[in-house]
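Engineer: sharing a sequence plus its predicted fold:
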Amino acid sequence: MLAGAEGEQPLIFNRISIGLRFDTDNKRVLLTQADISNGEIGVAGTGSIDYAGEPRLTLGFAGTPMSASALKRMWPILIVPEVREWVIERVERGRFSASRSE
């Protein structure tokens, strides 16, 4: 559950599924599957942490369209903290959706 701002309903997730694999030979932690959803909004992705040399974090995520408030509450503080802070300070409302062009 992620609390909402004053007057907003909290975000309650009924599905949180995380799969990790530890590859100690190659000094990597693999996020093989992440799925967080509540029927209305959701985020899914994969990634890895490579600690063989200088630590490196690689992530790939996709999500359903959601409000700015929901995105700001779901965004973990450790993932691109400078951009997260900029968004939290400057984006008050709206909707986010992913699109791609070919």
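Structural biologist: Right, received. Where do you want to start?

Engineer: from here on, just use CA atoms for contacts and neighbour counts.
Structural biologist: Noted.

Engineer: tell me where the model's unsure across this protein.
Structural biologist: For the chain, applying pLDDT under 70 flags the ranges 5, 98-102.

Engineer: quick one, domains of it?
Structural biologist: As recorded under automatic domain parsing, the domains making up the chain are 16-64, 65-102.

Engineer: ranking the ones you listed by burial, who's on top?
Structural biologist: Scoring these by mean neighbour count under mean count of other C-alpha atoms under 10 Å gives domain 16-64 as the most buried, with a mean of 14.

Engineer: coming back round to it: let's have the domains of the chain in CSV, adding distance to Gly7.
Structural biologist: Compiled in CSV, the domains of the chain are given as follows (distance: least, C-alpha to C-alpha, whole Å):
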stretch, distance to Gly7
domain 16-64, 19
domain 65-102, 12
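
Engineer: which helix runs longest in the protein?
Structural biologist: Identified as the longest helix of the chain according to DSSP state H is helix 81-90.
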